[in-house]
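# Generate coordinates for the sequence data below:
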Amino acid sequence: MPAKGKHRRSKTQRITRAAAVASAGGAALALPLIGATGAHAATGDAASTDAKTYTVKAGDTLSRIAEAQDVDGGWKKLYEANKSVVGSDAGLIQPGMKLTLDGAAKTASTTASSTGDSTGTGTADYVKPVDGSVGTAYHASGSSWSSGYHTGTDFVVSTGTTVKAVGDGTVVSAGWDGSYGNEVVIKHADGDYSQYAHLSSIGVSAGQTVTAGQQIGLSGATGNVTGPHLHFEIRTSPDYGSDIDPLTYLREHGVSI
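As a prediction, this is how the structure comes out:
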């Protein structure tokens, strides 16, 4: 069973993921530096017929691609060489994009693969966890959180709103978790974990396999809250303190928020 997380744990329990912020054309870009275990390293079906290009797959980030493909200069070099393809936000690469790996930027832009969803609801593999607007953002600071910052992203919804698994995976825990109230934690194929907290009811159990978009519970106001909402986290482990930016994660998996 995964260790139970609390909102009010010691700072020493926090594990951070390095990130860098670059500037392109005056716009700040949040660029993940360290990919989770299981980055796409395959050179067969992942690579295009041109050995010096790479076709973006769902779940890829520039840092993961740079590491897996041993790009000289890392993600910065990869981004500089492919700005005409990626665009102004390096965190929004889309499945189907063809990136050059030899430093020569392609001038012709590419489009997402046919499995992508241009309407913004996500690919066939990932969806938003709930139909609602974004409330308290990730890393918002304040004394309300023991870590000194908000470890997830809140979605503003009323009690009883359907909460969905953002991707295929296996439920690793489902039940009461102190300040998180009723929560569900799901492990996904890329090795990361999604967490859904303050639920009014839970519709899955530990060990159960779920699919993207499947209802796993209903939103609520259980645990340490001031009102109904969905607290959503993405983690590199099932434990509290291993959080990463949930909206960046969803966008990297084709979900437009």
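
# Going by C-alpha atoms from here, please, whenever you check contacts or count neighbours.
OK.

# what about D168, how many neighbours?
When counting by other C-alpha atoms under 10 Å, one arrives at 18 neighbours for D168.

# so what's the residue lying closest to it once chain neighbours are set aside up against?
Excluding the flanking residues, the one nearest D168 by C-alpha to C-alpha, 6 or more residues apart in numbering is T211, at 4.0 Å. By C-alpha atoms under 8 Å, 6 or more residues apart in numbering, T211 lies in contact with 165, 167-169.

# most surrounded residue in those?
Neighbour counts for those (other C-alpha under 10 Å) peak at A165, which has 28 neighbours.

# contacting residues for it?
127, 129, 186, 210-216.

# For the residue nearest to D168, give its distance to S201.
Look at T211 and S201: by C-alpha to C-alpha, to the nearest Å, they are 19 Å apart.

# quick one: the residue nearest to D168 from H188, how far?
Counting by C-alpha to C-alpha - T211 and H188 are separated by 10 Å.

# Any chance you could list residues touching both of the two?
Shared contacts of T211 and H188, counting by C-alpha under 8 Å, 6+ apart, come down to 167-169.

# May I see those residues arranged in CSV, with distance to Y79 and secondary structure as well?
Listed next are the shared contacts of T211 and H188 as CSV, based on distance: C-alpha to C-alpha, whole Å; DSSP: H, G, I helix; E, B strand; the rest coil:
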residue, distance to Y79, secondary structure
G167, 27, strand
D168, 29, coil
G169, 30, strand
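
# returning to that earlier point: in TSV: the contacts of T211, plus distance to I234.
Below are those laid out as TSV (distance: C-alpha to C-alpha, whole Å):
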residue	distance to I234
A165	12
G167	12
D168	14
G169	13
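
# so which of these would you say is closest to T151?
Proximity of the contacts of T211 to T151 (C-alpha to C-alpha) peaks at A165, which lies at 18.6 Å.

# what's the distance between that closest one and M97?
26 Å.

# Just give me the neighbour total for G181.
G181 has 21 nearby residues by other C-alpha under 10 Å.

# Next, the contact list for the nearest residue to it once chain neighbours are set aside, please.
Nearest-residue entry for G181: G223, 3.7 Å, with adjacent residues in sequence omitted and distances by C-alpha to C-alpha, 6+ apart. Residues in contact with G223, defined by C-alpha under 8 Å, 6+ apart, are 177-182, 198.

# can you check S158 too?
S158 neighbours (C-alpha under 8 Å, 6+ apart): 219-220, 228-229.
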